[in-house]
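> Below are the sequence and a predicted model; questions follow.
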Amino acid sequence: MANIFWVTAKTHTDSSIFQEPEKFNPARFENPGSLPPYNFVPFGGGARICPGYELAKIETLVTIHYLVTHFTWKLCCTDDFFSRDPMPAPTQGPSRSNNSQETSLIQQILILHASPRGSRVL
Ligand code: HEM
């Protein structure tokens, strides 16, 4: 028997599906008809798709809304990067075992410093 693991990040950075897949470009999903099925699979797909995905999306929206409205954000550590092979890890972080034959994709990390806005409490 074999176990097959699918890696979401590989689908989401597949250049046969997306142009410039490493670029942050949410607009690529504006015209879903132009993409093959199962192009966006953070929650899996088909019969075993995550049954909590609608709840998770609402929780994500609420969390981001809270973070944006309650904190001021500043970019810092602009010289840090992360590599993917396929999972992201900071290039200046602890070394990891690397038995992948693939060339890692190096991207800049956005490290942000958050400070609370005023004394507003939820
Ligand atoms: C950002 C949040 C979440 C992500 C990224 C996520 C992602 C996933 C993925 C990738 C699967 C496997 C789908 C597959 O095998 O094709 C899964 C399964 C599952 N998820 Fe989530 N999930 C999230 C939140 C939730 C929440 C909030 C719940 C419940 C309240 C939930 C309940 C489940 C359950 C029960 C399964 C197993 C479904 C099955 O095997 O039939 N998940 N999820």
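Okay, I see it. Numbering: from 1, shown residues only.

> need the residues of this protein near the ligand, please.
Residues of the chain lying near the ligand by CB under 6 Å from any ligand atom: Pro42, Phe43, Gly44, Gly45, Arg48, Ile49, Cys50, Pro51, Gly52, Leu55, Ala56. Backbone N, C-alpha and C define where each C-beta goes, glycine included.

> so the first one makes contact with Thr8?
Yes: if you go by CB atoms under 8 Å, Pro42 and Thr8 touch, sitting 5.7 Å apart.

> For the protein, give the helix that spans the most residues.
The longest helix of the chain (DSSP state H) is helix 53-70.

> and that one, average pLDDT?
Average pLDDT, helix 53-70: 97.

> what's the overlap in contacts for Pro42 and Thr8?
The overlap between the contact sets of Pro42 and Thr8 (CB atoms under 8 Å, 6 or more residues apart in numbering) is empty.

> helices and strands of this protein: which one bottoms out on pLDDT?
Within the chain, no helix or strand scores below strand 105-108, which has a mean of 68 by mean pLDDT, DSSP states H and E.

> what's the offset of the helix or strand just after that strand from the middle of its chain?
Tracing the chain C-terminally past strand 105-108 and defining elements by DSSP states H and E, one meets strand 111-116 next. Between the centre of strand 111-116 and the centre of its host chain there is 19 Å, according to CA atoms, centre = their mean, to the nearest Å.

> Can you tell me the strand partners of strand 111-116 and which way each runs?
Using DSSP bridges, the strands paired with strand 111-116 are strand 71-76 (antiparallel).

> Helix or strand next in line after the partner strand, which one?
Using DSSP H and E, the helix or strand that follows strand 71-76 towards the C-terminus is strand 81-84.

> partners of that following strand in the sheet?
Applying DSSP bridges, one finds strand 81-84 paired with strand 88-90 (antiparallel), strand 105-108 (antiparallel).

> In JSON lines: those strands, plus distance to Pro36 and mean neighbour count.
Listed next are the strands paired with strand 81-84 as JSON lines, based on distance: least, CB to CB, whole Å; neighbours: other CB atoms under 10 Å:
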{"stretch": "strand 88-90", "distance to Pro36": "24", "mean neighbour count": "14"}
{"stretch": "strand 105-108", "distance to Pro36": "22", "mean neighbour count": "13"}
